[in-house]
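In: Structure for the following, please:
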Amino acid sequence: MRRWWSWILGVAALAAILALVFETKRLAELAGANEAAARELRRERDEALAAVPRLEAEVSASAARLQAMSDTVQQRTDDFERAAAESTAAALRTLQPMSEGVRVCLQTLHECMRIEGFATVRFLSARRLDQEGLHEVEALDVHSDGLGVTFLYAEKMTAQLDRGRGELVLRFFEGHRLVAGERVGLPEDGWAVVFAPVDGRLFEERLPYLVRADGVYSEPRRPQRPDSDVDAEVRGQWLERFDRLLAAAGTQQNLQVARFRGMRDACFLEADIVGTDNRHHVMSGAHCARLCVEVDKTAGVVSLLLCDGVLRQGAAQSTITAEGYRMLLPNITPSQATDIMFGMVVNR
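Out: Take a look at the predicted model:
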């Protein structure tokens, strides 16, 4: 019986030993797996920790880029709002009428220049007049050949008269010119438009609040303007009659009498004529000492007769002699011309 129990106890002990061996092996394998997992976790942790500075740098760089973009957008928004506000303010200023003092100044300046035979500069508006000059000035400067126009805008314009040389200088500051569609800034020392010779006394007497004069007059005062000269109102009425006459003339180019200085013996003196196409592009121009509407009742023909001057066709220039150059008005009859011009015609 004892042997039986001994055998049973031995088997049980062996089983226990085997179980302990297997459990120990399982625990060792589990411990090894846990150690491997821990190493992997430590490796991933180390990699993550190593990536933190790089990610922080990338986040910082992205934040800086976003901030820069935000600043740029804000700057452009501010610029746009400022430009819109300035544009609105400028538009409102243009809608406001000129003060009576500024209007009288510009009208007087126009009259003085016309009296002296200069009509190349035409003032459109100005906002203020003080001891420094005119401010926020808009003007048109017709080129000497009559074939081009420059638009001028200046924050300030001064008028300087040299008595000795008989020279008037209009100088435009802080603005721009528009020439053939191109915008050009004005020089720092201003853009000068010079008129000479002029009767300085006329400008000093009629524009003492604008014109600044220096020097002394080298000659006695020039005589009064010729009796042939006409005032601005009369001149405007005759230019309107020319517009009616030439609008129905049927010429290849659209002709317009742009200006003249005076009238004598049914002739218009010191006249400028401009020819344009249907798109209002200047194609030709002429300046002549005398301009007449000539009618030939026998032939039933009406012409513009230009005497003593210069004719320009594109880039070509030719001289108009005293014998004259005729521009035929094919659709106008002698009776129509006489009626429109109130009899101010010459017979051929």
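In: neighbouring contacts of stretch 326-334?
Out: Outside of stretch 326-334, the residues within contact range by CB atoms under 8 Å, 6 or more residues apart in numbering are 245-246, 248-251, 255, 273, 294-297, 300-306, 337, 345. Where C-beta positions appear, they are placed from N, C-alpha and C, glycine not excepted.
In: ok, and what's touching the one helix or strand Arg212 maps to?
Out: For Arg212, the enclosing helix or strand under DSSP states H and E is strand 211-214. Residues from elsewhere that reach strand 211-214, judged by CB under 8 Å, 6+ apart: Thr158, Ala159, Gln160, Leu161, Asp162, Arg163, Leu168, Gly200, Phe203, Glu204.
In: a markdown table for the residues you listed, including neighbour count and secondary structure?
Out: Formatted as a markdown table, the entries for the contacts of strand 211-214 read as follows, by neighbours: other CB atoms under 10 Å; DSSP: H, G, I helix; E, B strand; the rest coil:
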| residue | neighbour count | secondary structure |
| --- | --- | --- |
| Thr158 | 18 | strand |
| Ala159 | 19 | strand |
| Gln160 | 16 | strand |
| Leu161 | 22 | strand |
| Asp162 | 16 | strand |
| Arg163 | 16 | coil |
| Leu168 | 27 | strand |
| Gly200 | 22 | helix |
| Phe203 | 23 | helix |
| Glu204 | 16 | helix |
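In: quick one: which of those residues is nearest Arg128?
Out: Compare each of the contacts of strand 211-214 with Arg128 using CB to CB and the shortest gap goes to Thr158, at 13.4 Å.
In: Can you spell out which residues form a bridge with the closest residue to the closest one other than its chain neighbours?
Out: Taking CB to CB, 6 or more residues apart in numbering, and ignoring the residues beside it in sequence, Thr158 has Gly133 as its nearest neighbour in space, at 4.1 Å. With DSSP bridges applied, Gly133 shows beta-bridge pairing to Asp130.
In: Ser70: helix or strand, and which one exactly?
Out: In this assignment (DSSP H and E), Ser70 forms part of helix 2-95.
In: Give me the helices and strands touching the helix or strand Glu111 falls within, please.
Out: In this structure, Glu111 is located in helix 100-115 according to DSSP H and E. Secondary structure elements in contact with helix 100-115, counted by 3 or more CB pairs under 8 Å, 6 or more residues apart in numbering; DSSP states H and E, are strand 121-125, strand 128-130, helix 200-206, helix 232-247.
In: OK, contacts around the residue nearest to Thr158?
Out: For Gly133, the contacting residues are Lys156, Met157, Thr158, Ala159, Leu210, by CB under 8 Å, 6+ apart.
In: got the contact list for the residue lying closest to the last one once chain neighbours are set aside?
Out: It refers to Leu210. By the measure of CB to CB, 6+ apart, the closest residue to Leu210 outside its immediate chain neighbours is Ala159, 5.1 Å from it. Applying CB under 8 Å, 6+ apart to Ala159 gives the contacts Leu109, Gly133, Leu168, Val169, Leu170, Phe203, Leu207, Leu210, Val211, Arg212.
In: In terms of distance to Phe22, which of those residues ranks first?
Out: Gly133 (111.6 Å).
In: Distance check, that closest one against Asn331.
Out: Distance from Gly133 to Asn331, counting by CB to CB, to the nearest Å: 48 Å.
In: And Gly236, by the same measure?
Out: When distance is defined by CB to CB, Gly236 is 25 Å away from Asn331.
In: May I see the contacts of strand 211-214 arranged in CSV, with pLDDT and distance to Glu47 as well?
Out: Below are the contacts of strand 211-214 laid out as CSV (pLDDT from 0 to 100; distance: CB to CB, whole Å):
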residue, pLDDT, distance to Glu47
Thr158, 93, 76
Ala159, 93, 81
Gln160, 94, 80
Leu161, 93, 86
Asp162, 92, 86
Arg163, 90, 91
Leu168, 92, 85
Gly200, 87, 91
Phe203, 91, 88
Glu204, 88, 91
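In: Tell me where the model's unsure across the stretch 51-200 of the chain.
Out: 51, 80, 83-97, 144-147 (pLDDT under 70).
In: what do you get if the cut-off is 90, keeping everything else the same?
Out: Applying pLDDT under 90 to the stretch 51-200 of the chain flags the ranges 51-132, 139-152, 164-166, 177-186, 191-200.
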